[in-house]
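take this sequence and fold it.
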Amino acid sequence: QVQLVQSGGGLVQPGGSLRLSCTASGHTASRAAMGWFRQVSGLEREFVASISWSGAGTGYKDSNKGRFTISRDNAKNTVYLQMNSLKPEDTGLYYCAAKPFSSDIAITGPDEYDYWGQGTQVTVSS
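Purely as a prediction, here's the structure:
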């Protein structure tokens, strides 16, 4: 079992920045590919960014490239999502996800992940 605890998020004006964190615990948290997904009410979760277990591989939704940065600190079992130049359309409930014992690749499909965080709200509004 893996437990994912998220922090960060909140209300920010357009053009602002936020950093989300997701800390994993549990004996199977090692070698876990990690991802971030966004959900807007009534819609499916959409891919935001992902990172391989070593950090060597990353992936981003096209609209997030150049604005968002995903990183990880494996000593702390924590993955981060730095979001800059935020837009109103970035608003949503953000979830982190983990796939333990993964190949060293960034995974983009939500169905491939095994564990999910509790979600944290990001609202971009003036």
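
nearest residue to the middle of the protein?
Nearest to the geometric centre of the chain sits Trp36, at 2.3 Å (CA atoms, centre = their mean).

now the strands: where do they sit in this structure?
3-7, 10-12, 18-25, 33-39, 46-51, 58-60, 68-73, 78-83, 92-99, 115-116, 120-124 (DSSP state E).

what is the shortest one packed up against?
Based on contacts counted as 3 or more CB pairs under 8 Å, 6 or more residues apart in numbering; DSSP states H and E, the elements that strand 115-116 packs against are strand 3-7, strand 92-99. In short, each C-beta sits where N, CA and C put it, glycine included.

same check on the third one?
Under the contact definition 3+ CB pairs under 8 Å, 6+ apart, strand 18-25 sits against strand 3-7, strand 33-39, strand 78-83, strand 92-99, strand 120-124.

rewinding a little: what's the burial count for the residue nearest to the residue nearest to the centre of the chain when sequence neighbours are not counted?
Using CB to CB, 6 or more residues apart in numbering and skipping residues adjacent in sequence, the residue nearest Trp36 is Val48, 4.2 Å away. By other CB atoms under 10 Å, 25 other residues sit near Val48.
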